[in-house]
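Colleague: Dropping the sequence and predicted coords here.
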Amino acid sequence: MKLPIYLDYSATTPVDPRVAQKMIPYLTEHFGNPASRSHAFGWKAEEAVEEARAHVAALIGADPKEIVWTSGATEGNNLAIKGAAHFTKTKGKHLITQKTEHKATLDTMRELERQGFECTYLDVEENGIVDLRKFEAAIRPDTIVASIMMVNNEIGVIQPIAEIGEICRARGVIFHCDAVQAAGKLPIDLATLKVDLLTITAHKMYGPKGIGALYVRRKPRVRIEPQIHGGGHERGFRSGTLPTHQIVGFGEAARLARLEMAEDGKRVRALRDKLWRGLSSMEAVVLNGDLERRIPGNLNVSFNYVEGESLIMAIKDIAVSSGSACTSASLEPSYVLRALGRSDELAHSSIRFTLGKYTTEEEIDYAVNLVKTKVTKLRELSPLWEMYKDGVDLNTVQWAAH
Amino acid sequence: MAYSDKVIDHYENPRNVGSFDKNDEAVGTGMVGAPACGDVMKLQIRVSKDGVIEDARFKTYGCGSAIASSSLVTEWVKGKRLDEAATIKNTQIAEELALPPVKIHCSILAEDAIKAAIEDYRKKHGLEQADGEEAAEERVA
């Protein structure tokens, strides 16, 4: 077993060696510009791009003509939300999203607010899932776009996308779904889901970084305004020379995911459940987000009375992320966990473990032992643990906030 | 985030972890910070009859820098008179541990913890605050 152990598959995944192999010839040998129509170099590249487009479309039950290449999920979310809002602004100015979305969605909404649009940020329930009645109640006559993610990046919970799609379709609202953490892990069938725009990216599913796709529905046709202008690539939706090797990699990753995700998912789920059994045998450990309505590879846990950043430091042999943004310049606890109604201290104490297809049982056993040892050690250091053990209710203590 | 070697050393081998009986007449206890902010420090001093800190203990809930800051000050206060200990500045702690700007608040908290422990001890003994301890206002925030 090699250290450190990677348990941060929701941040990014390694490129599958089969994917990398497939990409290499498109860097050196078949380097043509897929937009070059006048010679064989271009034709070869275009052929590869279209083959990849078919694989990506097949993974999500779409028509290849509905796939627009992007640089990744952030661009995809920007293009979908801004593109749809700008195109439909004469019909209304209201958008709906939820507080636990990724920053690529939330910050796009903020920018649209600066441009004069209005946005509703829905609360989620304690299990992390949006309430359909509250969603429907937020729709106004001037609502034009709604954006709800399929799977949350921090807590892995699965939102009721099919139901939200039905509501949006019935109410004439364009529905965008950020499916970055879902694609390649859950079956997605856009032939039945009433989603109008859907964002995915390659590097969360064993493909390369720097390439993503936006699904833009053709029946009924969804119109968006391009955000990047130029040579009119991608039927005008997104100009810019296509990165053939990246696209080939994404296509191969999508093809493999379609074939293997059911098997991989079962194995990953068994390991995740084993991890949870091991960790939850400790006292004062809380799971964040619904356990059942959740992707197989995600476990987000708060170790009460232990601060998350110090725990990450203690368990540096395993690569995980803090549910909180404390590791960066911000000292704020996770806004996703706060949206679930978790107290600040529980939000400060959270760790996100995300498993993937290369995770082994040996690695999980090692992780459980390491975390248990270090949590015990840090609790011996923790004045809060001491108070808890002495029977002091921490909520009754007058703290001096700083 | 990359921590300095000194932070890692104090974090991995924290000095003087533990608790004294807070009702002991010779003990002063300072508890500062708040769980909601992600840091709580408890610092305790045991003071001799002639006003010298003989021993110190801490427990800290917080990041590696917070743990290291409190571990360091327990070493620094030992053997000092109360009025000497009260002059320890957060800037000295931050410098010793090479704390990055986002972690300066950890050193401020450690300074506050010493002052709170000293104040607690003095209150127990009906002592007035000595001169020269107001300089705590000159902090780097």
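Modeller: Good, I have the coordinates. Residues are numbered from 1 along each chain as shown, chains lettered A, B, ... in the order given.

Colleague: Output the contacting helices and strands for whichever helix in chain B runs longest.
Modeller: With DSSP state H setting the assignment, residue counts place helix B:104-124 as the longest helix in chain B. When contacts are defined as 3 or more Cβ pairs under 8 Å, 6 or more residues apart in numbering or on different chains; DSSP states H and E, helix B:104-124 sits against strand B:27-34, strand B:39-47, helix B:64-77, helix B:82-85, helix B:90-97. (C-beta placed from N, C-alpha, C; glycine too.)

Colleague: buried residues in stretch A:65-81?
Modeller: Neighbour-count burial for stretch A:65-81, with 16 or more other Cβ atoms under 10 Å in any protein chain shown as criterion, is recorded at A:66-81.

Colleague: end to end, how far does it reach?
Modeller: End-to-end distance of stretch A:65-81: 20 Å, with Cα to Cα, to the nearest Å as the criterion.

Colleague: any chance of the helices and strands packed on helix B:104-124 in CSV, plus mean pLDDT?
Modeller: Rendered in CSV, the data for these read as follows (pLDDT from 0 to 100):
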stretch, mean pLDDT
strand B:27-34, 95
strand B:39-47, 96
helix B:64-77, 96
helix B:82-85, 95
helix B:90-97, 96
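
Colleague: any chance of those in TSV, with mean neighbour count and distance to chain A too?
Modeller: Compiled in TSV, the helices and strands packed on helix B:104-124 are given as follows (neighbours: other Cβ atoms under 10 Å in any protein chain shown; distance: least, Cβ to the nearest Cβ, whole Å):
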stretch	mean neighbour count	distance to chain A
strand B:27-34	22	3
strand B:39-47	26	4
helix B:64-77	26	5
helix B:82-85	19	20
helix B:90-97	20	12
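
Colleague: How about the contacts made by the residue most central in space within chain A?
Modeller: The centroid of chain A falls nearest to A:Q181 when counting by Cα atoms, centre = their mean (3.5 Å). The contact partners of A:Q181, by Cβ atoms under 8 Å, 6 or more residues apart in numbering or on different chains, come to A:10, A:149-153, A:156, A:204, A:295.

Colleague: Secondary structure element for A:D264, which one?
Modeller: In this structure, A:D264 is located in helix A:244-279 according to DSSP states H and E.

Colleague: which other helices and strands contact that helix?
Modeller: helix A:17-23, helix A:25-28, helix A:40-59, strand A:298-303, helix A:361-381.

Colleague: what pLDDT, on average, does it get?
Modeller: This predicted structure assigns helix A:244-279 an average pLDDT of 98.

Colleague: Next, the angle helix B:90-97 makes with the longest helix of chain B.
Modeller: Regarding helix B:104-124 and helix B:90-97, their directions subtend 130 degrees when assessed with axes from the mean of the first three to the mean of the last three Cα atoms, to 10 degrees.

Colleague: And A:K357, how close does it get to A:Y9?
Modeller: Between A:K357 and A:Y9 the computed distance is 8 Å (Cβ to Cβ, to the nearest Å).

Colleague: Quick one: end-to-end distance for stretch A:136-152.
Modeller: The first residue of stretch A:136-152 is 20 Å away from its last residue (Cα to Cα).

Colleague: Could you pull out the buried residues of that stretch?
Modeller: For stretch A:136-152, burial by neighbour count (16+ other Cβ under 10 Å) applies to A:138-139, A:143-152.

Colleague: could the residues you listed go into JSON lines alongside pLDDT, secondary structure and distance to chain B?
Modeller: Converted to JSON lines, the buried residues of stretch A:136-152 look like this (pLDDT from 0 to 100; DSSP: H, G, I helix; E, B strand; the rest coil; distance: Cβ to the nearest Cβ, whole Å):
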{"residue": "A:A138", "pLDDT": "98", "secondary structure": "helix", "distance to chain B": "29"}
{"residue": "A:I139", "pLDDT": "98", "secondary structure": "coil", "distance to chain B": "35"}
{"residue": "A:T143", "pLDDT": "98", "secondary structure": "strand", "distance to chain B": "35"}
{"residue": "A:I144", "pLDDT": "98", "secondary structure": "strand", "distance to chain B": "38"}
{"residue": "A:V145", "pLDDT": "98", "secondary structure": "strand", "distance to chain B": "35"}
{"residue": "A:A146", "pLDDT": "98", "secondary structure": "strand", "distance to chain B": "33"}
{"residue": "A:S147", "pLDDT": "98", "secondary structure": "strand", "distance to chain B": "30"}
{"residue": "A:I148", "pLDDT": "98", "secondary structure": "coil", "distance to chain B": "29"}
{"residue": "A:M149", "pLDDT": "98", "secondary structure": "coil", "distance to chain B": "27"}
{"residue": "A:M150", "pLDDT": "98", "secondary structure": "coil", "distance to chain B": "31"}
{"residue": "A:V151", "pLDDT": "98", "secondary structure": "strand", "distance to chain B": "27"}
{"residue": "A:N152", "pLDDT": "97", "secondary structure": "coil", "distance to chain B": "22"}
